[in-house]
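Colleague: just a sequence and a predicted model for now, questions to come.
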2 protein chains.
Amino acid sequence: MHNNKCKKLINGKLTLPFVCEWKEPEELAQLLDLELRATGEPQQRLLQRVKDVAKYSIKTSHPRFFNQQFGGVDYHALAGRFLTETLNTNLFTYEVAPVFVLMETEVLRGLRQLVGWTEGDGIFCPGGSTSNMYAMNLARYRLFPEVKSQGVWSLPRLTIFTSPESHYSVKKGAAFLGIGTDNVILVKVDDGGHMIPEDLDTKINVAKSLGAVPFLVSCTSGTTVQGAFDPLDRIADVCEKHKLWMHVDAAWGGSVLFSEQHRHLMKGVDRANSVAWNPHKMLIAGLQCSALLLQDTTVSANATYLFQQDKFYDVNLDVGDKSVQCSRKVDCLKLWLMWKAVGSTGLAERVDKAFFLVRYLVEQMKKREGFHLLRDPEYVNVCFWFIPPSMRGKEGNADYQDRLAKVAPVIKERMMKQGTMMVGYQPLGNKVNFFRVIVFSPLVSQKDMDFFLDEIERLGNDL
Amino acid sequence: MHNNKCKKLINGKLTLPFVCEWKEPEELAQLLDLELRATGEPQQRLLQRVKDVAKYSIKTSHPRFFNQQFGGVDYHALAGRFLTETLNTNLFTYEVAPVFVLMETEVLRGLRQLVGWTEGDGIFCPGGSTSNMYAMNLARYRLFPEVKSQGVWSLPRLTIFTSPESHYSVKKGAAFLGIGTDNVILVKVDDGGHMIPEDLDTKINVAKSLGAVPFLVSCTSGTTVQGAFDPLDRIADVCEKHKLWMHVDAAWGGSVLFSEQHRHLMKGVDRANSVAWNPHKMLIAGLQCSALLLQDTTVSANATYLFQQDKFYDVNLDVGDKSVQCSRKVDCLKLWLMWKAVGSTGLAERVDKAFFLVRYLVEQMKKREGFHLLRDPEYVNVCFWFIPPSMRGKEGNADYQDRLAKVAPVIKERMMKQGTMMVGYQPLGNKVNFFRVIVFSPLVSQKDMDFFLDEIERLGNDL
């Protein structure tokens, strides 16, 4: 795909094909002719439609897609996805998914081993938000099994603890599960975005004194914006003291567990009750691939039409009763095939390479004027402001923050409309819009890092 | 795939390749060598692994896979799935999924039109269970918006009404959402498995008199086992009278809306507040493809790092805030492409053909001794007992039901071990194990129906 024929000229230099072909929604709708009609269409037109869908879609596998924690491509995983689609089965009984019931068990075991557990359970979920909700549901059930039949009315008011930099799914999940967002207590973070265990302890005591029942701490390994790793070992001490379920949302950061060099970031994870980990992020298994790992067993619903007990094989292999879903997509094959292809060592090398490239990027940023890091990155999220020449040295001006807030959106708009690369921005607390570049795809090289910096300058130097 | 070379001999007759190659779990685990290791493997071995995965997986696209409400294959939908996997994007913002944000809107509009709505909203969910849960969550929020922040504690006890033949996800969902399975009130059904509106009215009044707040009725269009369609129009009258949210779980039955001839089964569906419909079932779009259709708008979480308000395009196109998921797979392309290819007319023809084949199957069953229907099917689920010759005319014997209960499991075991076809069985209420054959794949012919009956006889005549 990335051959010379597709290369384009930017500033007189040959470059890769575009990450996107931006169109306004109205124009795109017209180009695509999406309307569904009574009669079918001939093959030639369908083929053209397929080409158009590809043309106007974002090339997330492009080495210059730095926009989110998914992207890049692993061709073994892609083959696994094609095979999954072809076999089109449902991961709920051994009868219809014999290979995948066994495979999922093995992949979950492999992931649990990296967490440091020799036993336990787990399940693949449609995304990290669902994995986090499952953990909440299990923690609640462990403490108050009557919730399943009687609902939350039979329980005292429960509270969840997490940091303000945790993923928004913690609050969404609390709302969905009938716990309520007010009962998600935000624990203070330090400058680097790490949960402060002492404040956690204080907040738990305050909640108790108000008559609530704390039941779960949701820590984060790799926060969405800054990539911070909460201090798991010290949080585990607090959880043990108060007998709370410790959940680790490692959707983004979990993959450091492959790396001997970087797994220390998650020291203490083996003391957790549950871990959510999305191999569709850093490991680029492909959307969706999210594992919830457990030291406990899960809740079942007893659907006799699916899970007959008089089968001729061990009905413990009918795993569907573990899930809130009924139909459940096969998400393990793509990861299994990629893992078989490159081995744990190969996956570890990818993690290490990403850290290496980030270090390179940061060094280069420090050498250039105009790039201002929020802080030295702990992970592979690099958060920075680009200060255009016209604003340099004017930090004291009253309108400086307002002007700075507008820089990233303008650069982003230009970038999208030219299609050369994609990177996200957002505000955080009192920090105005800054870029967050994510580096993890094995297709990315030092050259792409240099390009990234040149391109930000090219797009923003006149602001 | 189904060429002559692959055909096998059964009873001296040529037949299609096998639906499955049964292996005991221990043997299969050994054959597959699933263990994940430190080092990668050469391409040749990986290729062999891919072949093995395919070989020992169930051929759900096989015309003789009658086991569940998914199966069969549409090659346009499959192409759409391959393209989805290749493009690997996330349906949460217009920025990363411009084509699919617009496409999902259009597909949902097409489905809503069939329901009879000119306006409304909707979302694709990872399966019908999730769609049903979303409906419960929305109904609860509409009545008591404070539930989002304060949880269920701030509300009176809520009750949900559904029939005992509804999908088990209603109870699972109630447990997950903190409502509790005891607060799912089961409404009586008639002999055909249809909810009785008069009993619904009575049960609602009883719940109110006990101080509970009824808030949702979950009707079913196409029950899992019998394929019954609840009388929506008469249920809508009761819902209107009591001002309850009417949800229609049409995960399985929804596709009758394409057919002029059969859409009367869902008369009154336009009066519902929400409809769950799984095109991965009868329309064979491929797992997972489940739409929740709404007349209302949904709840959002405000994740500023994803859903910045200072973007250069209409941020209403950032649909991710509608979902409890964050990462959300693209499930619309496969359905869109298939719909474009064959048109609404082509999809209607498939529905009509399935009904036609079922009528044929039932006629043939009635001509043969030994096939005893639970009742004439309303949909494409055919539920029947096979009575082996040794049991015929002995209905009065004390052990008759016990013996009958054991027939289906034995035939199923033989069928799986020989691999010729797959069909499910289950008990229901006081009815002992019976087969439920599901007919909907466009690949199925009258010959397959004949084969089905011959095969049941071949496998069960000596029992």
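Modeller: Done, it's in. Owing to the predicted nature of the structure, the values given are computational and were not obtained by experimental measurement.

Colleague: in chain A, what residue comes closest to chain B?
Modeller: Closest residue of chain A to chain B, Cβ to the nearest Cβ: residue A:178 (2.5 Å). The C-beta positions use only the backbone N, C-alpha and C, and glycine is treated the same way.

Colleague: what residues are up against that residue?
Modeller: A:151-152, B:147, B:151-152, B:177-179 (Cβ atoms under 8 Å, 6 or more residues apart in numbering or on different chains).

Colleague: same thing but at 10 Å, please
Modeller: A:140, A:147, A:151-153, A:155, A:158, B:137, B:140, B:147-148, B:150-153, B:155, B:158, B:174, B:176-180 (Cβ atoms under 10 Å, 6 or more residues apart in numbering or on different chains).

Colleague: buried set for the biggest helix by length in chain A?
Modeller: In chain A, taking DSSP state H as the definition, the longest helix is helix A:333-367. Across helix A:333-367, burial judged by 16 or more other Cβ atoms under 10 Å in any protein chain shown covers A:333-344, A:346-355, A:357-358, A:361-362, A:365.

Colleague: look at the residue of chain A closest to chain B and report its pLDDT.
Modeller: Note for residue A:178: predicted pLDDT of 97.

Colleague: same question, residue A:313
Modeller: 78.

Colleague: who are the contact partners of the spatially closest residue to it that is not a sequence neighbour?
Modeller: Using Cβ to Cβ, 6 or more residues apart in numbering or on different chains and skipping residues adjacent in sequence, the residue nearest residue A:313 is residue A:94, 6.0 Å away. For residue A:94, the contacting residues are A:100-102, A:311, A:313-320, B:25, B:28, by Cβ under 10 Å, 6+ apart.

Colleague: which of those has the most neighbours?
Modeller: residue A:100 (28 neighbours; other Cβ atoms under 10 Å in any protein chain shown).

Colleague: what sits against that residue?
Modeller: Counted by Cβ under 10 Å, 6+ apart, residue A:100 has contacts A:84, A:87, A:89-91, A:94, A:107, A:124, A:319, A:328-333, A:336, B:53, B:57-58.

Colleague: ok, now residue A:81?
Modeller: A:285-287, A:289, A:330-331, A:333-334, A:337, B:81-82, B:84-86, B:88.

Colleague: and which of the residues you listed is nearest to residue A:459?
Modeller: Taking Cβ to Cβ as the measure, residue A:459 sits nearest to residue B:88 out of those, at 25.9 Å.

Colleague: what's the neighbour count on that closest one?
Modeller: 25.

Colleague: what do you get for the one 10 residues further on?
Modeller: In terms of burial, residue B:98 registers 26 neighbours under the definition other Cβ under 10 Å.

Colleague: and the closest residue to it other than its chain neighbours, which helix or strand is it part of?
Modeller: Closest residue in space to residue B:98, ignoring its immediate chain neighbours: residue A:28 at 5.8 Å, by Cβ to Cβ, 6+ apart. Assigned by DSSP states H and E, residue A:28 belongs to helix A:25-32.

Colleague: please identify the buried residues of the helix or strand just after that helix?
Modeller: Once helix A:25-32 ends, the next helix or strand along the chain (criterion: DSSP H and E) is helix A:43-56. If you call a residue buried by 16+ other Cβ under 10 Å, then helix A:43-56 has these buried ones: A:46, A:49-50, A:53, A:56.

Colleague: kindly report the same for stretch A:212-231.
Modeller: In terms of neighbour count (16+ other Cβ under 10 Å), stretch A:212-231 has its buried residues at A:212, A:214-231.

Colleague: taking the residues you listed one by one, which sit in strands?
Modeller: A:214-220 (DSSP state E).

Colleague: re earlier: and chain B, which of the buried residues of helix A:333-367 contact it?
Modeller: A:333-344, A:346-348 (Cβ under 10 Å from any Cβ of the partner chain).

Colleague: closest to residue A:111 among those residues?
Modeller: Among these, residue A:335 lies closest to residue A:111 (Cβ to Cβ), at 8.7 Å.

Colleague: residue A:288 is in contact with that closest one, correct?
Modeller: No: the criterion here is Cβ atoms under 10 Å, and residue A:335 misses it with residue A:288 at 11.1 Å.

Colleague: tell me, what's touching these two both at once?
Modeller: Joint contacts of residue A:335 and residue A:288 (Cβ under 10 Å, 6+ apart) are A:124, A:279-280.

Colleague: near chain B, which of those show up?
Modeller: Okay, of those touching chain B (Cβ under 10 Å from any Cβ), that's residue A:280.

Colleague: between the shared contacts of residue A:335 and residue A:288, which sits nearest residue B:426?
Modeller: For the shared contacts of residue A:335 and residue A:288, the nearest to residue B:426 is residue A:124 (25.9 Å; Cβ to Cβ).

Colleague: surely the closest one and residue A:101 touch.
Modeller: No: Residue A:124 is beyond contact range of residue A:101, at 11.6 Å (criterion: Cβ under 10 Å).

Colleague: next, show the common contact partners of those two.
Modeller: Common contacts of residue A:124 and residue A:101 (Cβ under 10 Å, 6+ apart): A:91, A:330, A:332.

Colleague: of the contacts of residue A:81, which one scores lowest on pLDDT?
Modeller: Least confident of the contacts of residue A:81 in the model: residue A:287, at 92.

Colleague: and stretch A:278-285, what's buried?
Modeller: Buried, per 16+ other Cβ under 10 Å, within stretch A:278-285: A:278-285.
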